[in-house]
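Visitor: have a look at this prediction, sequence included:
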Amino acid sequence: MQSAGQLRCQPRHQHVPSRPAHLAYSSRLLSQPLRCSAVHRPQQQRLGVSYTVGTSSLAALLQPQQQQLALRLPQLQQLQQLHTQQHRRTPCLAAAAADRPQQQTPQQDLAESLTAGEDDQSDLLHHIELPPSRSTALWLHDLTDWQLQLRATDWGYLQVGRPLPEGISLNAIADTIPDEHFQLDLVKAVGYLAMSLGVMALGYSYLWYWHSICPWWQQLCCWVVIGTGYFGVFQSAVDCAHFAFWPSRPLVQDLLGATLMAPALISYEIWRLKYFSHLMCLNQLYEDTDAWHPILPEDLADLPPWRLALLRILSATPLKFFSSIGQWFKSLEGFDLKLHPPQTRSWVWLSWALPLGFCGVVWPAMIAAGGIGGWISWWLGPWVVFHGWLSVLSLVQHTGPHITWTEEGLAYDSAQAAINGTVTLQLPKWLEVLLHHANYHLPAHVSISIPSYNLKAAHKYLQQRLGKYLTITEWNLQLLRNLVFAWLVYDEQRQRYVDFHEAEELVQQYKQQRRQQQQQQTAEAGGRGSISPGSSSRGAEGRAAAAAA
């Protein structure tokens with residue numbers, strides 16, 4: 001396994017624009033290789049064990065992606081040649097090609113449209129005729145603008161993005177983002193963290209002042225205030241996991257992130273590895289992490305009735321908006337050290353030490369001060385509110401009837417998964433600040449090197465240049481109703497979500513196909529078995545005749 005100092009992966013394109021120094025400690029995921037070439041030997045010695053171990057785990061996750069990229073490169077080169085021929089036949093681009101090099105790739109075309117002015121960019125994007133990505137829903141490409149807007153209204157969206165053209169590199173899109181959106185500001189980072197801690201302190205002060213005479217509805221309001229404030233604290237921990245809080249002090253950064261995640265009882269290293277795996281396998285069937293992966297018909301086929309009924313209760317009721325609590329229970333599998341490389345196990349245990357220490361020290365203090373009621377009021381209630389925010393934002397951003405899930409292979413398009421597969425939820429400005437702009441998740445899918453306080457500005461930049469490919473929504477009941485009652489089980493054949501009633505037919509079809517396959521395999525095995533005795537008997541008769549002669 002390579003250490004942080006041994007990683008020297010070069011990008012797929014030749015031109016590498018300059019980036020701030022903190023990008024040396026981060027990695028561009030999804031379609032681009034790990035970029036750590038700017039880490040020098042003296043810096044590696046100062047990184048400490050935490051970053052080296054964390055990067056080793058990340059490198060282990062990246063190896064299958066590097067092999068998949070090597071398989072896909074020849075096909076992308078063929079697509080580039082095809083798109084170049086199409087561009088030459090396009091009148092608009094033929095006129096614009098006078099000032100361009102002769103060999104112009106579709107990635108460069110989109111890059112020019114990204115960096116062009118407002119008027120030139122809209123003209124280019126509306127006239128580039130490229131086939132849609134194969135990982136998008138085919139029925140979505142056939143809709144007219146009017147039909148697509150009607151669908152968006154029915155689904156609860158302000159706008160549904162058009163399919164991204166085939167062959168567009170996510171790396172090319174990321175490299176067009178100005179450097180100012182990658183700039184780190186320790187004052188801003190600490191300021192946002194202090195603001196969230198202040199909001200939590202305000203809620204706790206009110207609870208402590210009124211103590212036992214605080215009405216239940218006021219306690220509920222305090223839970224919302226404290227839980228919302230802690231969600232902002234958690235986003236500061238996310239910046240630490242992205243190496244985007246204080247990268248010049250990586251050991252301090254990781255210890256701070258692990259400490260901030262401890263009240264949520266979440267292991268810092270386990271969360272980081274799962275989140276990075278999600279970024280590398282975004283919207284990949286069977287590969288994306290279970291926290292974001294949809295329910296499939298084959299998942300329901302072998303469930304006993306009681307588990308199926310429990311799944312319906314948790315997935316088709318408002319309890320779905322707290323589904324991250326179930327994912328938190330699954331994260332406890334991180335205690336199984338066999339799931340981690342040997343060189344990372346010490347850091348995995350260390351990342352669990354702080355949550356366990358929180359349970360062993362803070363919980364008894366809360367119970368001693370206020371009893372079980374105090375523990376519920378001071379920790380459990382805000383913890384549930386925090387998971388409510390985490391669940392709602394994750395569901396809205398990663399679930400939609402137009403978002404397709406594709407198996408790993410040549411049909412998978414990482415740019416399509418990131419640009420069209422991410423929904424942006426617009427909220428009131430004051431709430432966006434409290435949530436550290438976590439509702440603008442698209443820039444994080446494009447590059448994890450963007451800190452949380454720059455997410456809104458980076459999203460605005462992408463929206464100005466890729467507006468028609470983005471999906472945007474606001475908080476509305478229609479969207480929440482669809483998330484709870486309509487978009488439940490993913491139908492891979494039709495590339496859309498269905499409810500549990502329609503899923504029953506898909507489950508029966510899956511069972512019937514599985515029985516037919518089993519019968520076919522049994523028949524083939526029986527046929528091979530019947531041939532063997534006959535051939536052996538004929539061989540024995542031949543040998544007997546030869547002996548008689």
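Guide: Good, I have the coordinates. A quick note: this is a predicted structure, and the numbers were derived from the prediction, not measured. Residues are numbered from 1 along each chain as shown.

Visitor: any regions of the stretch 251-400 of the chain where pLDDT drops low?
Guide: For the stretch 251-400 of the chain, the stretches flagged by pLDDT under 70 are 333-337.

Visitor: now do the helices in it.
Guide: Secondary structure of the stretch 251-400 of the chain, counting by DSSP state H, counting those that start in this stretch: helices at 268-280, 297-301, 305-315, 324-330, 345-375, 381-398.

Visitor: any chance of these in TSV, plus distance to M261?
Guide: For glycine as for every other residue, the C-beta is placed from the backbone atoms N, C-alpha and C. Shown next, in TSV, are the helices of the stretch 251-400 of the chain (distance: least, CB to CB, whole Å):
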stretch	distance to M261
helix 268-280	5
helix 297-301	29
helix 305-315	24
helix 324-330	11
helix 345-375	7
helix 381-398	11
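
Visitor: kindly reformat those as TSV containing distance to E492 and mean neighbour count.
Guide: Rendered in TSV, the data for the helices of the stretch 251-400 of the chain read as follows (distance: least, CB to CB, whole Å; neighbours: other CB atoms under 10 Å):
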stretch	distance to E492	mean neighbour count
helix 268-280	19	22
helix 297-301	8	17
helix 305-315	18	12
helix 324-330	22	16
helix 345-375	34	15
helix 381-398	17	21
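
Visitor: for N420, which of those helices is the nearest?
Guide: helix 381-398 (12.0 Å; CB to CB).

Visitor: thinking again about what came up before, out of the helices of the stretch 251-400 of the chain, nearest to Q508?
Guide: Using CB to CB, these put helix 297-301 closest to Q508, at 9.0 Å.

Visitor: helices or strands up against the closest one?
Guide: strand 489-491, helix 500-548 (3 or more CB pairs under 8 Å, 6 or more residues apart in numbering; DSSP states H and E).

Visitor: I'd like the mean pLDDT over the shortest one, please.
Guide: Which is strand 489-491. If you average the pLDDT over strand 489-491, you get 92.

Visitor: following it, which helix or strand comes up?
Guide: strand 496-498 (DSSP states H and E).

Visitor: can you list the strands that that next one pairs with?
Guide: With DSSP bridges as the test, strand 496-498 is paired with strand 489-491 (antiparallel).

Visitor: buried set for the strand it pairs with?
Guide: 489-491 (16 or more other CB atoms under 10 Å).

Visitor: ok, now stretch 180-198?
Guide: Buried residues in stretch 180-198 (16+ other CB under 10 Å): 181-182, 184, 189, 192-193, 195-197.

Visitor: out of those residues, which sit inside helices?
Guide: 189, 192-193, 195-197 (DSSP state H).

Visitor: out of the residues you listed, who's nearest C240?
Guide: Once CB to CB is applied, the member of these that ends up nearest C240 is A189, at 9.3 Å.

Visitor: what's the burial count for the nearest residue to that closest one once chain neighbours are set aside?
Guide: Nearest residue to A189, sequence neighbours excluded (CB to CB, 6 or more residues apart in numbering): F245, at 5.4 Å. Using other CB atoms under 10 Å, the number of residues around F245 comes to 27.

Visitor: what residues are up against F245?
Guide: 184, 189, 236, 239, 253, 256-257, 451 (CB atoms under 8 Å, 6 or more residues apart in numbering).

Visitor: now flag whichever of the residues you listed is closest to W430.
Guide: Checking those one by one against W430 (CB to CB), the nearest turns out to be S236, at 18.3 Å.

Visitor: now that closest one: which helix or strand?
Guide: For S236, the element it lies in under DSSP H and E is helix 216-241.

Visitor: and that helix, what's buried?
Guide: Those would be 219, 222-241, for helix 216-241 by 16+ other CB under 10 Å.

Visitor: what's that helix packed up against?
Guide: Secondary elements touching helix 216-241 (3+ CB pairs under 8 Å, 6+ apart): helix 186-210, helix 250-261, helix 268-280, helix 381-398, helix 429-434.

Visitor: so which of these gets nearest L300?
Guide: For those, proximity to L300 was assessed by CB to CB; helix 381-398 is nearest, at 19.3 Å.

Visitor: angle of the closest one against helix 186-210?
Guide: 140 degrees (axes from the mean of the first three to the mean of the last three CA atoms, to 10 degrees).

Visitor: contacts for whichever helix or strand comes after helix 381-398?
Guide: Per DSSP H and E, the first helix or strand lying C-terminal to helix 381-398 is strand 406-407. Strand 406-407 has contacts (CB under 8 Å, 6+ apart) with 135, 283-287, 412-413, 417.

Visitor: and if you look at stretch 487-507?
Guide: Contacts to stretch 487-507, defined as CB under 8 Å, 6+ apart, come from residues 137-139, 285, 294-297, 300-301, 312, 315-316, 399-401, 404-405, 485-486.
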